[in-house]
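Visitor: I would like to see how this sequence folds:
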Amino acid sequence: MDNKKTLEPTTPELPVDRNWIPVLAGYWKPDMARSIWEIVISLVPFLAFWTASWAALSVSYWLTLALIIPTAGFMVRLFLIQHDCGHGAFFKKRVLNDWVGRVLGVFSLTPYYVWRRSHALHHAGSGNLEKRGMGDIDTLTLAEYKKLSPAARFGYRLYRHPLVLFGIGPAYNFWIRQRLPLGFMGSGWRYWLSAMGTNLAILVVAGTVIYFVGFKAFLLVHLPVTIIATSAGVWLFYVQHQFENTSWRHDKEWDLQEAALKGSSYYDLPPILSWFTANIGIHHVHHLNARIPYYRLPQVLRDHPELTNIRRINLKESLKCVNLGLWDEDGQKMISFAEA
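Guide: I've put the predicted structure just below:
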């Protein structure tokens with residue numbers, strides 16, 4: 001299948017021509033029982049697979065590694081529940097969203113209040129060339145890149161290298177960078193309390209587990225779990241905005257709906273991966289209305305099938321996004337360094 005055809009609408013009338021904001025407002029219907037059930041079927045299997053991975057150490061580390069993969073999948077799912085809580089989407093009451101988000105932040109190594117603020121800034125300026133940086137993957141335009149010194153170009157290319165972007169970078173971000181409220185260091189005590197409170201809770205939980213299983217066993221299990229989970233999370237975030245025919249606009253031209261529909265992909269994953277990633281692949285709809293619980297996103301596509309044909313990328317096609325690194329303002333597309 002031709003890649004570009006999958007990224008463009010197949011219908012003559014663009015879905016962007018319709019005002020989708022009021023249409024999707026009715027889908028903000030968090031169901032208490034469903035939300036609690038989603039937490040149970042994510043947290044309990046995570047703990048069970050983690051324990052099984054540890055127990056398998058006495059049999060074979062290859063068996064442990066095999067069990068670590070689904071363990072990491074459940075960690076991704078827990079983070080995405082935290083993500084929905086941050087948007088006020090998982091429960092009707094904000095206080096419930098916030099406390100569930102804080103607790104899950106201990107498992108995802110993410111201080112909830114700090115992340116909630118930076119992610120809100122991402123939604124408010126996604127695809128806006130004047131609002132790049134906070135809560136986003138650094139992206140330069142082709143013109144900006146050409147103005148850099150050779151050393152600065154090397155630094156940017158190193159940052160965008162797949163080994164750094166999806167390997168070293170996620171580990172650094174979740175293990176080290178998020179231990180401080182970077183970006184909000186002087187913005188008030190709440191951000192410091194969020195970061196330091198999360199750090200303390202992580203130490204207590206990790207210390208308790210280490211007491212019972214030992215430091216070496218803890219590292220042999222939890223280290224690869226977090227490496228896989230954080231790398232998968234960054235990959236999802238990357239491919240949802242860094243595809244060839246994405247959209248970047250200057251502030252005076254930027255529009256929230258256009259940025260959502262044209263600057264966010266519909267990452268059409270196989271059912272099992274959609275489940276583990278909590279339907280976050282339906283990202284264009286999520287950016288249209290971030291308060292829709294993830295378990296209601298498929299219903300939006302069923303009710304409005306025209307939304308399935310815009311910026312749609314499947315798993316195979318998404319791999320082609322790896323080499324993209326620059327926004328070409330003239331061509332209105334992401335290009336590789338080789339093309340630059």
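Visitor: May I ask which helix or strand encompasses the closest residue to residue 32 other than its chain neighbours?
Guide: Closest residue to residue 32 apart from its sequence neighbours, by CB to CB, 6 or more residues apart in numbering: residue 91 at 6.7 Å. To be clear about C-beta, it is placed using only N, CA and C from the backbone, and glycine gets the same treatment. For residue 91, there is no host helix or strand (DSSP states H and E).
Visitor: Number of residues surrounding residue 91?
Guide: A count of nearby residues for residue 91, using other CB atoms under 10 Å, gives 21.
Visitor: What residues does it make contact with?
Guide: Contact analysis of residue 91 by CB atoms under 8 Å, 6 or more residues apart in numbering lists 30, 32, 35, 85, 97, 100.
Visitor: from these, which has minimum pLDDT?
Guide: Ranked by pLDDT, the contacts of residue 91 bottom out at residue 30, which scores 93.
Visitor: So it, which state does it fall into?
Guide: Of the three states, residue 30 takes coil under DSSP: H, G, I helix; E, B strand; the rest coil.
Visitor: Confirm for me that it is in contact with residue 293.
Guide: Yes - Residue 30 lies in contact with residue 293 (CB atoms under 8 Å); the separation is 5.1 Å.
Visitor: Between those two, which contacts overlap?
Guide: Common contact partners of residue 30 and residue 293 (CB under 8 Å, 6+ apart): 89, 90.
Visitor: Surely residue 142 is in contact with residue 335?
Guide: Yes - using CB under 8 Å, residue 142 is in contact with residue 335, at 6.8 Å.
Visitor: which residues are in contact with both of the two?
Guide: Common neighbours of residue 142 and residue 335 (CB under 8 Å, 6+ apart) are 326, 327, 328.
Visitor: Point to the residue nearest the middle of this protein.
Guide: Among the residues of the chain, the one closest to the centroid is residue 237, at 4.0 Å (CA atoms, centre = their mean).
Visitor: ok, it - contacts?
Guide: Contact partners of residue 237, counting by CB under 8 Å, 6+ apart, are residue 137.
Visitor: residues touching residue 107, list them.
Guide: Applying CB under 8 Å, 6+ apart, we find residue 107 in contact with 43, 46, 75, 78, 79.
Visitor: on that earlier part again, which members of the shared contacts of residue 142 and residue 335 occur in strands, if any?
Guide: Under the assignment DSSP state E, the shared contacts of residue 142 and residue 335 contribute 326, 327, 328 to strands.
Visitor: Beta-bridge partners for the first one, please?
Guide: Think residue 326. Under DSSP bridges, the beta-bridge partners of residue 326 are residue 140, residue 335.
Visitor: I figured it was touching residue 338, is that so?
Guide: No - contact criterion CB under 8 Å: residue 326 and residue 338 do not qualify, at 10.5 Å.
Visitor: who has more neighbours, the two?
Guide: residue 326 (23 against 7).
Visitor: how near is the more buried one to residue 242?
Guide: 10 Å (CB to CB, to the nearest Å).
Visitor: do the same with residue 110
Guide: 21 Å.
Visitor: Between the two, which has more neighbouring residues?
Guide: Applying other CB under 10 Å to residue 110 and residue 242 shows that residue 110 carries more neighbours, namely 26 against 21.
Visitor: The more buried one: what's its closest spatial neighbour, skipping adjacent residues?
Guide: In space, and not counting its chain neighbours, residue 110 is closest to residue 178: 5.9 Å by CB to CB, 6+ apart.
Visitor: Can you say which helix or strand has residue 72 in it?
Guide: Residue 72 belongs to helix 61-86 when assigned by DSSP H and E.
Visitor: Apologies, that question was intended for residue 119.
Guide: Applying DSSP H and E as the criterion places residue 119 in helix 112-125.
Visitor: Show me which residues of that helix are buried.
Guide: Buried positions in helix 112-125, judged by neighbour count with 16 or more other CB atoms under 10 Å: 112, 113, 114, 115, 116, 117, 118, 119, 122, 125.
Visitor: residue ranges of the strands in the chain, please?
Guide: According to DSSP E, the chain carries its strands in the segments 140-141, 266-268, 312-314, 324-328, 333-336.
Visitor: Run a quick neighbour tally on residue 306.
Guide: Residue 306: 14 surrounding residues under other CB under 10 Å.
Visitor: how close does it sit to residue 237?
Guide: For residue 306, the distance to residue 237 - CB to CB - is 25 Å.
Visitor: Sort out which residues of stretch 192-204 are buried, please.
Guide: Neighbour-count burial for stretch 192-204 [16+ other CB under 10 Å]: 192, 194, 195, 197, 198, 199, 201, 202.
Visitor: Next up, the contacts around residue 80.
Guide: By CB under 8 Å, 6+ apart, the residues touching residue 80 are 277, 278, 280, 294.
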